[in-house]
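> Give me the fold of what follows.
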Amino acid sequence: MRFGGEEFVPCRYENPPAWIEVPRNPNPDEGRFLQKRCIENVNWDTYAGGRQMHLTISLEWVPNDADITPPDNPLMTFLWNRVTGDDTALPVPVMRPKPSTVPVVGYPTFFTFAWVDPESGDPVAEGAGAPLGDPYREVTLPGRGLRMVAEATEVVIDPHQTDMEPITCTPDQLVYEPGKSVADQPSDCKITFTRSSATAAAFADADAPAMPQVYVSAYPVTVTVHWRITYGFGDAMQELGNGFEMSATQPLPVQEVQAPNEPPIVLF
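Numbers count the residues shown, from 1 in each chain. Reported below is the predicted structural model:
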């Protein structure tokens with residue numbers, strides 16, 4: 001039997017990490033919000049799952065009596081190790097819109113990010129030491145002293161709408177100060193949505209990534225991070241080529257002012 005009959009269950013459920021803003025629980029006696037991580041697009045005809053295999057992360061309300069215990073077998077261990085990487089993996093940007101986790105129509109939405117280690121799910125504790133991580137990773141090869149440093153130089157946020165343009169922000173612009181007015185914010189990294197995300201599919205541009213059915217009423221936002229890579233010994237560092245780009249897609253629900261709150265959605 002293929003894979004020795006080992007069971008594959010694509011999703012795991014965990015308590016949300018402290019840095020995720022969990023919405024109000026409408027029925028705490030019946031269930032709770034959990035972080036859901038799923039392995040998607042596995043190509044079973046390849047050795048390691050294929051180039052399109054990726055990890056999605058979201059919040060989901062789960063009934064208290066649901067059986068969410070994942071199988072523990074070598075197949076599951078192998079695939080999870082493949083999608084989460086190791087301690088040299090670059091941090092993944094997880095979008096945190098401000099001032100509302102779910103943006104509202106007609107009010108400027110500022111973009112901040114948690115920079116998350118794909119293996120642990122926690123913010124990367126490197127760089128300037130921001131509470132939610134930084135777009136920075138430094139690796140020193142054991143025994144040789146060779147250092148490699150990756151630093152983001154800009155972040156492009158594209159909602160993929162025919163009537164909206166992408167915005168480009170530098171890492172120092174990805175901030176928001178609660179209590180300050182829009183005019184007094186230290187950043188101009190923002191978008192004012194003029195339509196709810198219920199219309200996103202109708203106005204999607206030709207490059208819009210396909211979304212799973214559960215996210216059909218969300219903007220398919222692509223976050224592209226431009227990385228500068230340097231390497232060397234000690235302080236003698238030099239650039240490696242022209243750097244490279246990392247892209248992550250996150251569905252972003254946007255609601256009318258009178259609509260009820262929705263849970264934040266993360267997908268990368």
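
> rest of the way, CA atoms for contacts and neighbours
Fine.

> where do the strands sit along this structure?
Remark: strands assigned in the chain by DSSP state E are 11-14, 31-40, 54-63, 92-98, 108-116, 136-140, 146-158, 167-169, 190-192, 219-233, 236-239, 244-252.

> The longest one - which strands sit beside it in the sheet, and in what orientation?
Partners of strand 219-233 in the sheet, by DSSP bridges, are strand 146-158 (antiparallel), strand 236-239 (antiparallel), strand 244-252 (antiparallel).

> ok, now the third one?
Strands that pair with strand 54-63, judged by DSSP bridges, come out as strand 31-40 (antiparallel).

> got the buried residues for the partner strand?
Buried residues in strand 31-40, counted by 16 or more other Cα atoms under 10 Å: 32-39.

> for the residues you listed, which one is nearest G5?
Set against G5, the nearest of those by Cα to Cα is I39 (18.7 Å).

> got the contact list for that closest one?
Shown in contact with I39 (Cα atoms under 8 Å, 6 or more residues apart in numbering): 10-11, 53-56, 80, 83.

> And the furthest pair within these?
C11 and M53 (13.4 Å).

> how close does the spatially most central residue of the chain get to V42?
The chain has V94 as the residue nearest its centroid, 3.1 Å off, counting by Cα atoms, centre = their mean. Going from V94 to V42 by Cα to Cα, to the nearest Å gives 22 Å.

> Over to P28?
Distance, P28 to V42, by Cα to Cα: 35 Å.

> cool, A202 as well?
Taking Cα to Cα, one finds A202 at 29 Å from V42.

> Check the separation of the first and last residues in stretch 171-187.
10 Å.

> got a list of contacts for that stretch?
Outside stretch 171-187, the residues that touch it by Cα under 8 Å, 6+ apart are 98-99, 108, 110-113, 135, 152-155, 188-189.

> average model confidence for that stretch?
Averaging pLDDT along stretch 171-187 gives 93.

> the more surrounded of A202 and V42?
The neighbour count for A202 versus V42, taken as other Cα atoms under 10 Å, is higher for V42 (16 against 10).

> Surely the more buried one is in contact with R82?
No - the pair V42 / R82 is not scored as a contact, 11.0 Å apart, by Cα atoms under 8 Å.

> In the chain, where is pLDDT below threshold?
Applying pLDDT under 70 to the chain flags the ranges 1-4, 55, 84-88, 125-130, 144, 211-216, 258-268.

> residues contacting the residue lying closest to V155 once chain neighbours are set aside?
Distances taken as Cα to Cα, 6 or more residues apart in numbering put V225 closest to V155, at 4.6 Å, once the chain neighbours are dropped. Taking Cα under 8 Å, 6+ apart, we find V225 in contact with 152-156, 245-247.
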